[in-house]
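Peer 1: what shape does this take:
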Amino acid sequence: MKIMPGFKNKKDMITISILIFVVILLFQFVYLPKYREVKKLEAQFKDVAGEINDLYSFIGGRKDLKENIIRIRKELALFEDAFPPEKEVSNIIKQLNKEAQRFKIDVVLVKPKDIFTYKDLQGKEVKVFEGFCKCMPLVLNVEARYQAMGEFLLSLELNRNPMVTIEKVDIKKDTGIAPMVKAEIDLNAFMLGK
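Peer 2: Presented below is the predicted three-dimensional model:
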């Protein structure tokens with residue numbers, strides 16, 4: 001009596017059973033894990049592709065990529081010059097002195113005041129990238145020719161290296177140092193800090 005039609009003997013039946021068992025094991029322990037891994041990699045690929053597209057959008061597209069990166073690096077360098085780190089406060093004072101010397105202005109006295117975190121109109125601290133915008137009020141007492149004083153003040157307003165705002169200028173004519181004038185300049189110098 002034959003148990004399964006088409007099989008000539010028990011040997012064929014055992015061989016086919018073993019083959020089916022091996023195929024099931026391969027499917028369970030090789031194919032399914034690899035299939036899950038491929039699905040996981042596809043999801044990661046979609047995430048990375050989305051991030052790359054976002055980056056291209058930020059940079060300005062795929063076309064002219066090199067020029068756009070160079071432009072962004074230049075803008076970042078300008079930003080870092082305008083807003084130096086808080087630990088470089090002394091460099092801000094040195095830069096102001098250097099700029100004054102360029103216009104032949106004698107800086108008699110520099111009075112820095114306490115640094116504070118700058119706040120917007122709603123009273124919230126202004127955050128730029130990973131740091132807070134800090135402000136250091138300064139008072140410069142200077143002596144210079146009137147025209148040089150104007151050129152110096154204009155340079156401070158336009159240069160933005162570092163970012164400085166002129167809050168008040170009090171110019172007095174002193175007959176003892178004619179044709180020079182004395183001035184007290186209230187400035188705010190900006191920087192980034194924690």
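
Peer 1: got the residue ranges for the helices in this structure?
Peer 2: In the chain, the helices defined using DSSP state H lie at 10-26, 32-59, 65-82, 89-102, 146-159.

Peer 1: tell me which residues of the fourth one are tucked away?
Peer 2: Neighbour counts over helix 89-102 (16 or more other Cβ atoms under 10 Å) mark 89, 92, 93, 95, 96, 99, 100 as buried. To be clear about C-beta, it is placed using only N, CA and C from the backbone, and glycine gets the same treatment.

Peer 1: residue 100 touches residue 143, doesn't it?
Peer 2: No. Counting by Cβ atoms under 8 Å, residue 100 does not reach residue 143; the two are 10.2 Å apart.

Peer 1: which residues do the two both contact?
Peer 2: Common contacts of residue 100 and residue 143, defined by Cβ atoms under 8 Å, 6 or more residues apart in numbering, comprise residue 106.

Peer 1: ok, back up a step: in TSV, list the helices of the chain along with mean pLDDT.
Peer 2: Formatted as TSV, the helices of the chain follow (pLDDT from 0 to 100):
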stretch	mean pLDDT
helix 10-26	87
helix 32-59	88
helix 65-82	73
helix 89-102	84
helix 146-159	86
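
Peer 1: of all these, which one comes closest to residue 135?
Peer 2: Proximity to residue 135, assessed across the helices of the chain by Cβ to Cβ, is greatest for helix 89-102 (11.3 Å).
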